[in-house]
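Enquirer: Mind folding the following:
(chains A and B)
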There are 2 protein chains.
Amino acid sequence: MEEKTLNSARLYEGKIINLRVDTVELPDKKYSKREIVEHSGAAAVVPLTMDGHVILIKQFRKPIEEIIYEIPAGRLETKETPKKCALRELAEETGYSVGTLEELVTYYPSPGFSNEVIHIFVARDLTEGTAKPDEDEYLEVMKIPLEEALKMVEDGTIKDSKTIIGLLMAERRSL
Amino acid sequence: MEEKTLNSARLYEGKIINLRVDTVELPDKKYSKREIVEHSGAAAVVPLTMDGHVILIKQFRKPIEEIIYEIPAGRLETKETPKKCALRELAEETGYSVGTLEELVTYYPSPGFSNEVIHIFVARDLTEGTAKPDEDEYLEVMKIPLEEALKMVEDGTIKDSKTIIGLLMAERRSL
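Expert: Numbering: from 1, shown residues only, chains lettered A, B, ... in the order given. Below you'll find the predicted structure:
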């Protein structure tokens, strides 16, 4: 099933993503092109409070032209571990710092065209603090009962993959 | 929170994706660039058999250089509804045709850099037939007990967003 790379053309190198097109040899010796969006990977965190709430973020996302609900998350910086990234993004975006952090799940959002991988953690024993979002980040921090957030997954209000997967997996593990 | 587009540069138009970079005005009148991968959207289907199994596909994905498990899925063709796409992809990839099809969930895999949207359905009352995969598609069809597939989500064997979300949501609705 593997596809051998015969040629790789780098078409774009950007801030968040790169684009390349690989020419591959298929199992039956035919050829095809594969368009590949390179991404450094990301970490996300389901922040759970002692009183059964989850911290979510409302944020405008240009690609979909919508304000959506998400768990705190961000791209891995050079040589940064997923765990360190999760703690940094949670602190920057929400101000919360963390008592305990556990790995929850690692997944590929769109393996058909991108190598992006997202590592999701669960954070507990949170302490409130002051958020310091990036210069071009505008977001609203919300504290919502976990049960209500799960209803928002059920009824389609929450539409972001890491947020759906993080909330459903956190509930399955009865965290 | 909205970001007004001041300029939009189309950098690549491909088979599966396009790439553009928008210059946007932020709420405080500063500016930023947004790299956006355009995708036509996709439909996916959780195919459940009468005897409690789910039909999964094993497929090599070039961006991640891995063979992974996925539910049947594919891109929307021009003017194709998500429902029609789900039925077509299920038939092409697995050969199964469907008695009943229900909407399960619609989500954004990577709203930070892509407008891709995936519509997931649940299919029941399946009838076996002959698969007709695309020319450049090589895949293995598998029939797995739903309980086992859910364990594969739990232990990290299943790593694809639509497959994780489809299986967890199907189980939640006790389908």
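Enquirer: Can you report how many residues lie near residue A:167?
Expert: Neighbour count for residue A:167, taken as other CB atoms under 10 Å in any protein chain shown: 23. Any C-beta I mention is one placed from the backbone N, CA and C, and that applies to glycine too.
Enquirer: The helix or strand hosting it: how far from the chain's middle?
Expert: Residue A:167 belongs to helix A:161-172 when assigned by DSSP states H and E. Per CA atoms, centre = their mean, to the nearest Å, the displacement of helix A:161-172 from the mean C-alpha position of its chain is 11 Å.
Enquirer: which parts of that helix are buried?
Expert: Across helix A:161-172, burial judged by 16 or more other CB atoms under 10 Å in any protein chain shown covers A:161, A:162, A:163, A:164, A:165, A:166, A:167, A:168, A:169, A:170, A:171, A:172.
Enquirer: Output those residues as CSV; include the columns pLDDT and distance to residue B:104.
Expert: CSV is the format used below for the buried residues of helix A:161-172 (pLDDT from 0 to 100; distance: CB to CB, whole Å):
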residue, pLDDT, distance to residue B:104
A:161, 98, 14
A:162, 98, 18
A:163, 98, 17
A:164, 98, 11
A:165, 98, 14
A:166, 98, 18
A:167, 98, 16
A:168, 97, 13
A:169, 97, 17
A:170, 95, 20
A:171, 93, 17
A:172, 92, 17
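Enquirer: Specify which member of those is nearest to residue A:20.
Expert: residue A:161 (23.1 Å; CB to CB).
Enquirer: relative to helix A:161-172, how tilted is the one helix or strand residue A:151 maps to?
Expert: Residue A:151 is located in helix A:146-154, with elements delineated by DSSP H and E. Relative orientation of helix A:146-154 versus helix A:161-172 (axes from the mean of the first three to the mean of the last three CA atoms, to 10 degrees): 130 degrees.
Enquirer: picking that back up, against which helices or strands is the helix holding residue A:167 packed?
Expert: The contact analysis (3 or more CB pairs under 8 Å, 6 or more residues apart in numbering or on different chains; DSSP states H and E) places helix A:161-172 against strand A:42-47, strand A:53-61, strand A:66-70, strand A:100-107, strand A:118-124, helix A:146-154, strand B:100-107, helix B:161-172.
Enquirer: quick one: the third one to chain centroid distance?
Expert: Yep, that's strand A:66-70 we're talking about. On CA atoms, centre = their mean, the centre of strand A:66-70 falls 13 Å from that of its chain.
Enquirer: Distance check, the residue lying closest to residue A:87 once chain neighbours are set aside against chain B.
Expert: What sits nearest to residue A:87 in space, not counting adjacent residues and going by CB to CB, 6 or more residues apart in numbering or on different chains, is residue A:98, at 6.0 Å. For residue A:98, the distance to chain B (CB to the nearest CB, to the nearest Å) stands at 22 Å.
Enquirer: Can you give me the neighbour number for residue A:98?
Expert: When counting by other CB under 10 Å, one arrives at 18 neighbours for residue A:98.
Enquirer: circling back: pick out whichever of the buried residues of helix A:161-172 sits closest to residue A:60.
Expert: For these, the nearest to residue A:60 is residue A:163 (15.3 Å; CB to CB).
Enquirer: Next, work out how far apart the closest one and residue A:55 are.
Expert: For residue A:163, the distance to residue A:55 equals 11 Å [CB to CB, to the nearest Å].
Enquirer: so what's in contact with these two at the same time?
Expert: residue A:71 (CB atoms under 8 Å, 6 or more residues apart in numbering or on different chains).
Enquirer: Adding distance to residue B:146 as columns, could you present the buried residues of helix A:161-172 in CSV?
Expert: Converted to CSV, the buried residues of helix A:161-172 look like this (distance: CB to CB, whole Å):
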residue, distance to residue B:146
A:161, 21
A:162, 24
A:163, 24
A:164, 19
A:165, 18
A:166, 22
A:167, 21
A:168, 16
A:169, 17
A:170, 21
A:171, 18
A:172, 14
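Enquirer: Specify which member of these is nearest to residue B:77.
Expert: Nearest member of the buried residues of helix A:161-172 to residue B:77, counting by CB to CB, is residue A:161, at 23.0 Å.
Enquirer: ok, is stretch A:5-16 in contact with chain B or not?
Expert: Yes - judged by CB under 8 Å from any CB of the partner chain, stretch A:5-16 and chain B are in contact via A:11, A:12, A:14, A:15, A:16.
Enquirer: mind checking how far that stretch is from the chain centre?
Expert: Distance of stretch A:5-16 from the chain centroid (CA atoms, centre = their mean) equals 22 Å.
Enquirer: May I have that stretch as CSV, with CA atoms only?
Expert: What follows is stretch A:5-16, C-alpha atoms only, in CSV (Å, rounded to 0.1, in the frame of the first residue of the first chain):
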residue,chain,number,x,y,z
THR,A,5,8.1,9.5,-3.4
LEU,A,6,9.6,10.1,-6.9
ASN,A,7,9.7,13.9,-6.7
SER,A,8,8.7,16.5,-4.2
ALA,A,9,8.0,20.1,-5.2
ARG,A,10,7.9,22.7,-2.5
LEU,A,11,5.3,25.4,-3.6
TYR,A,12,4.9,27.5,-0.5
GLU,A,13,6.6,28.1,2.9
GLY,A,14,4.5,30.1,5.3
LYS,A,15,4.1,31.0,8.9
ILE,A,16,1.6,28.3,9.9
